[in-house]
Every structure is written in C-alpha cells, then in structure tokens.
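*Asks:* Here is my input; please provide its structure:
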Amino acid sequence: MADELKPDICVIGGGPGGIAVATAAANANVPVVVVAKGEIGGAELAAAVPSKALIAAANRYETLRSAPALGVTGAPLQVNLGKVYDHIRSVMDAVAANVSAERLTALGVTVIRAEGRFTDRRTVVAGDTTIRARRFVIATGAKPRAPDLPGLADIDFMTLDTAFDIARKMTHLIVLGAGRRGLELAQAYNRLGIDATVIDEQAALADDDPELAALVLNRLAAEGIRVRDNARIVGFARRRGGIRVTLGEGAAEGDSEPDGEDGDRIHVDGTHLLVATGSAPNVDGLGLAEAGIDHGPNGITVDSRLRTTNPRIYAIGDVVAGPTAANRAEHHAHLVLKSVLYRLPIRDDSGAVPLIAFTDPALATVGLGEAAAREKHKNVRVLRLPMSENDLSQADRTTAGMVKVIATSRGQILGAAAVGRDAGEIIGLWSLAIANRLGISAMQQFVPAYPSRLEVARRVAASFDGPGLTPLWRRRIIEMLRKFG
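*Replies:* Numbers count the residues shown, from 1 in each chain. Next up is the predicted model:
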C-alpha cells in the first residue's frame, strides 16, 4: 500500500541547499521530507570536496618545494598519486558522514531515496510515496555540461565529478575550459607532476576582472601550465595512448604540428581530457510542466523571492540561473526558510555571496566588479592594496596578489576582490560588510590581529581618505577645530 505524507515542507534534492532547508526546518520542529535519488551531499560531495582535497595535496607539495627559500631543506620530494587518491577518498568519507541520510533522519527529517516527480501543482510522487506538502523546495542542483564540439562525443573524457577516479596513468592532462574550476585543477595536477594544458574558446577567467585574472594567469604560466584561450577548436579525436585536440590557430612556439591540410592547424596531444566548461540544471524527470513551473536552458524561472511560477514551490541553488556554488545554495535556503517559516518578505541578494577560485594565488570576489559598478553608478572609487604591503605576507613569502575594493564616492561598498594567500578568508569580511550594508568607514574601524592578512582590509579601507581625498566637509571641520588650538 502506497504511503501518503503531508509535511509542511518537501525538499527535492539532497545537495547543500536541500540539506540546509531540511536541517533548519527540523531544528524548528517543522515536519520536513527530503526526496533524493542520488547521494546525499550532491555536487559538493561529488566534485567540490575531492577537488579541494587534491588541491590541498598539491599546495602542500609546493610549500615543501619552496621551503629552501626560507632556509629549510630536506630529502628529495616524491609524489605518490595512489596515496593522494587515498587521501581524497578519506576526505570524501569524512564529509559524507556529516551529511548522511542517517544524520538527517536523527534530526527528524524523513528521507526518501527515490526520484521525485510532480504529478500536479501540489503533489510529488517518489517511489511508493505520495507527498502533498504545504510548500515544496526544488534543490536538485546541476550536472556537468559538455559543449557541442566536433568529435567530443566520440571520446572518453572526465568531468568535474569524475576527475578523481582515474584507472589509467595520467601524464598530460588537457582541460577544456579556462574558468575557475578548470584552472585550479590544472594547477593542482601540474604541481603533482602531470603536464597540463588548458584550452578555451573564450578568454581565460572571462567572468573575472582582467586586472585580477592576469595575476593568476601569470603564475600559471610561470609554473609551466599552457593556457590556450580564445582558441578555435576544430575537433577531438582518439589517438594511441590518449586524445588529440586540433586547434585552428594560436600555437605557441614549439607547440605546433601541421596536419597536412592547410598548415595552420595545431595538435595538442594528451593522455586525459577533463571537460570543465559549465553545467546544466537538473530538471529532467521532475514533472515541471505538470506543476506549472516554467524553466529554460539556464534553469528554473524564479522571482526575486525565489518562487517559481507556482507560488507554492521555490527553487534554490544551481537549478536556478547564476553561478554554481554551494554557498549560494545555502544562502538561498536561508532566505526561503525566512519566507516559509516566518512569512517574512525576502529578496534574492546573491551579490553578497562570495565566489573563489582555489588557484595559487587564489582569486575571491563578492559584489560588483569594476566594470559592472561603473555601468550602474556615476561616481565610483577604486581602492587597491598589493599583498606585498602586508607584513605577514612578507614573513611567509606569499606577496603575490592584491585587494581591490569598489565603492561609491560616499563610501558605499559595491564590491571587493582579493588575489593571494587566504583570499577566501579576506573576502569573507567584505561579504559581511556588503550583506549588512556597512560602509567604508566601518571597515576603517575594524581592528585585525597583528600580524594577519586581514590587515589588508583595514589598510585598503583607510586609503579611501588618502592624500588629497579627505571629503571637503571633513577638511572644513578640521580647519575650524585647529583654530581653537
């Protein structure tokens, strides 16, 4: 006999956003059901966690390699990729335990391991269970999307969620996609002794400030990573021992090989191909039409309150158009819960959600970039401070990078970016400021520990009132008070 459940909230999807909704609802003693056909943890467990574990291993190697510059030497370094993969699996097991179905069940969440499908505007069927909830939250995330390029469908390639299950020895990794995820993995594998070439038909780090992107790309080039952006990809083909990518133009010296047709084509040969060109929302099989939910290639259509075209149903995270990031999904979950549990008005303010590339130097951003800020505001101030002016960065020889802040002439913070060691921690402070509408003056009053990299936040804020930049009204007050001695 089929079961019928009538919870307050039904979450479809077991990724970071879905888990956040279910956990908070259960903690508030609100009946909640999670329907998940895949592993609990979603893309975070499948791709984000193992990639960061790999990067940690690569960065540890780089720290040891560069130690002689600080007067520390030791035995020759070696990389055992088998043990690196053991480390990755160990990390994944530890994280999986934190987001397991058993843990959710212990909190009072009803977990149904089945594919959920809407049968009408108020009903979801999952296996033998029918769910008629007061509110539904779609948090099914996204899946890797391969571009439509000649020959790509005919060869074996890895995606971001399969890049760590490698049976055949890798000696030259070709990464298709010069975005944040592609570049960070290319650098990690390169540091572990595997040649890496990155190819993209667009500019590398195309979504980022060119001034900041250049700092990252220069380091990658110095480490021997070949980045072929703005390339014209002619096709992909299998070859003995690996894969061949043929480009129409843009070869560097010593990298070209005429194909005998027009002499202008370039062959890039590798043992493995990683496709990191983006993602597609997971909407197949959800029965969105039956539920009255509009959607398109970029995801489910939502309003500023994250409601779909069916007002009883919300959609959050990667299934909604925008950057794919676990913290964005969790932020959406927080907003939806305010609406569902407390009936408070909400507005999607994902601009306050920081994004980061775990390259070295890392690149982290929040809010508006310089170009977008100048389009929306007449008077924009750009503040910069190089990491070389930070004492801790000098002490541990991590001076590459800078902090860049975009503000209005009145001190409203529009956006910020950090390139360098601990960029993600630095940007967190600026995210807090933007989310709470704090101005530059608040950041000037921030007192960091000394020495710490967070000093750059205070110092870059202090430059708002640098030489000749003190507002006229302040100068007049100072001049008046000086007359009294």
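*Asks:* low pLDDT regions in the chain?
*Replies:* 1-2, 44, 167, 249-263, 467-471, 485 (pLDDT under 70).
*Asks:* how about the helices in the stretch 101-250 of the chain?
*Replies:* For the stretch 101-250 of the chain, applying DSSP state H, counting those that start in this stretch gives helices covering 101-107, 180-191, 210-222.
*Asks:* Check which helices and strands the shortest one sits against.
*Replies:* If you count contacts as 3 or more Cβ pairs under 8 Å, 6 or more residues apart in numbering; DSSP states H and E, helix 101-107 packs onto helix 16-27, strand 110-112. To be clear about C-beta, it is placed using only N, CA and C from the backbone, and glycine gets the same treatment.
*Asks:* Could you list every helix and strand that the last one packs against?
*Replies:* To tie it back to what came earlier, the one meant is strand 110-112. Applying 3+ Cβ pairs under 8 Å, 6+ apart, one finds that strand 110-112 contacts strand 32-35, helix 101-107.
*Asks:* what lines up beside it in the sheet?
*Replies:* Here strand 110-112 has these sheet partners by DSSP bridges: strand 32-35 (parallel).
*Asks:* C-terminal to the partner strand, which secondary structure element comes first?
*Replies:* Remark: after strand 32-35, the chain's next helix or strand is helix 42-43, criterion DSSP states H and E.
*Asks:* quick one: that next one to chain centroid distance?
*Replies:* 13 Å (Cα atoms, centre = their mean, to the nearest Å).
*Asks:* Now render the helices and strands packed on strand 110-112 as TSV, adding mean neighbour count.
*Replies:* Shown next, in TSV, are the helices and strands packed on strand 110-112 (neighbours: other Cβ atoms under 10 Å):
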stretch	mean neighbour count
strand 32-35	27
helix 101-107	14
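*Asks:* export those to a markdown table and tack on distance to residue 51?
*Replies:* Below are the helices and strands packed on strand 110-112 laid out as a markdown table (distance: least, Cβ to Cβ, whole Å):
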| stretch | distance to residue 51 |
| --- | --- |
| strand 32-35 | 25 |
| helix 101-107 | 23 |
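*Asks:* and the closest residue to residue 146 other than its chain neighbours, bridged to which residues?
*Replies:* Closest residue to residue 146 apart from its sequence neighbours, by Cβ to Cβ, 6 or more residues apart in numbering: residue 275 at 5.1 Å. Beta-bridge partners for residue 275, by DSSP bridges, are residue 176.
*Asks:* Look at residue 275 and say how many residues are nearby.
*Replies:* Residue 275: 22 surrounding residues under other Cβ atoms under 10 Å.
*Asks:* just residue 383 next, same as before
*Replies:* 21.
*Asks:* likewise residue 422?
*Replies:* 21.
*Asks:* And the spatially closest residue to it that is not a sequence neighbour, how close does it get to residue 223?
*Replies:* Ranked by Cβ to Cβ, 6+ apart and with sequence neighbours excluded, the top spatial neighbour of residue 422 is residue 453, at 4.8 Å. As judged by Cβ to Cβ, to the nearest Å, residue 453 and residue 223 stand 22 Å apart.
*Asks:* and these two? which has more neighbours close in?
*Replies:* Neighbours of residue 453 and residue 223, each counted by other Cβ under 10 Å, are more numerous for residue 453; the result is 24 against 14.
*Asks:* which residues does residue 113 contact?
*Replies:* 36-37, 101 (Cβ atoms under 8 Å, 6 or more residues apart in numbering).
*Asks:* Quick check: phi and psi at it.
*Replies:* phi -90, psi 90 (degrees, to the nearest 10).
*Asks:* Give me the distance between it and residue 237.
*Replies:* For residue 113, the distance to residue 237 - Cβ to Cβ - is 40 Å.
*Asks:* and what of residue 54?
*Replies:* Residue 54 is 28 Å from residue 237, by Cβ to Cβ.
*Asks:* Of these two, give the one with the bigger neighbour count.
*Replies:* Shown here are residue 54 and residue 237; by other Cβ under 10 Å, residue 54 has more neighbours (24 against 16).
*Asks:* what about the strands in the stretch 351-485 of the chain?
*Replies:* 355-357, 362-367, 380-386, 402-408, 413-420 (DSSP state E, counting those that start in this stretch).
*Asks:* right, and residue 166 touches residue 272 too?
*Replies:* Yes - between residue 166 and residue 272 there is a contact under Cβ atoms under 8 Å: 7.1 Å.
*Asks:* Mind listing the shared neighbours of those two?
*Replies:* residue 158.
*Asks:* For these two, indicate the residue with more neighbours.
*Replies:* residue 272 (21 against 14).
*Asks:* Number of residues surrounding residue 40?
*Replies:* The burial count for residue 40: 22, using other Cβ under 10 Å.
*Asks:* for the helices of the stretch 101-250 of the chain, which one sits closest to residue 32?
*Replies:* helix 101-107 (9.1 Å; Cβ to Cβ).
*Asks:* Please export the C-alpha coordinates of the closest one as CSV.
*Replies:* Provided in CSV are the C-alpha atoms of helix 101-107 (Å, rounded to 0.1, in the frame of the first residue of the first chain):
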residue,chain,number,x,y,z
ALA,A,101,20.8,10.3,5.4
GLU,A,102,21.2,8.8,8.8
ARG,A,103,22.2,12.1,10.3
LEU,A,104,19.2,13.8,8.8
THR,A,105,16.9,11.1,10.0
ALA,A,106,18.3,11.5,13.5
LEU,A,107,17.3,15.2,13.4
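*Asks:* List of residues touching that helix?
*Replies:* By Cβ under 8 Å, 6+ apart, helix 101-107 touches 14, 19, 22-23, 26-27, 34, 36, 40, 97, 111, 113.
*Asks:* Mark which of those are buried, thanks.
*Replies:* 14, 19, 22-23, 26, 34, 36, 40, 111 (16 or more other Cβ atoms under 10 Å).
*Asks:* ok, so of the contacts of residue 113, who is nearest residue 289?
*Replies:* Nearest member of these to residue 289, counting by Cβ to Cβ, is residue 37, at 19.2 Å.
*Asks:* ok, now which ones touch that closest one?
*Replies:* 113-116.
*Asks:* Try it again at 6 Å.
*Replies:* Listed by Cβ atoms under 6 Å, 6 or more residues apart in numbering, the contact partners of residue 37 are residue 115.
*Asks:* Repeat that for residue 344.
*Replies:* residue 338 are the contacts of residue 344 under Cβ under 6 Å, 6+ apart.
*Asks:* Try it again at 10 Å.
*Replies:* Applying Cβ atoms under 10 Å, 6 or more residues apart in numbering to residue 344 gives the contacts 335, 337-338.
*Asks:* same deal with residue 129?
*Replies:* Counting by Cβ under 10 Å, 6+ apart, the residues that residue 129 touches are 2-5, 33, 35, 110, 112, 114, 116.
*Asks:* Reformat those residues as JSON lines; add distance to residue 212.
*Replies:* Output for the contacts of residue 129, formatted as JSON lines (distance: Cβ to Cβ, whole Å):
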{"residue": "2", "distance to residue 212": "55"}
{"residue": "3", "distance to residue 212": "53"}
{"residue": "4", "distance to residue 212": "54"}
{"residue": "5", "distance to residue 212": "49"}
{"residue": "33", "distance to residue 212": "43"}
{"residue": "35", "distance to residue 212": "41"}
{"residue": "110", "distance to residue 212": "45"}
{"residue": "112", "distance to residue 212": "44"}
{"residue": "114", "distance to residue 212": "45"}
{"residue": "116", "distance to residue 212": "41"}
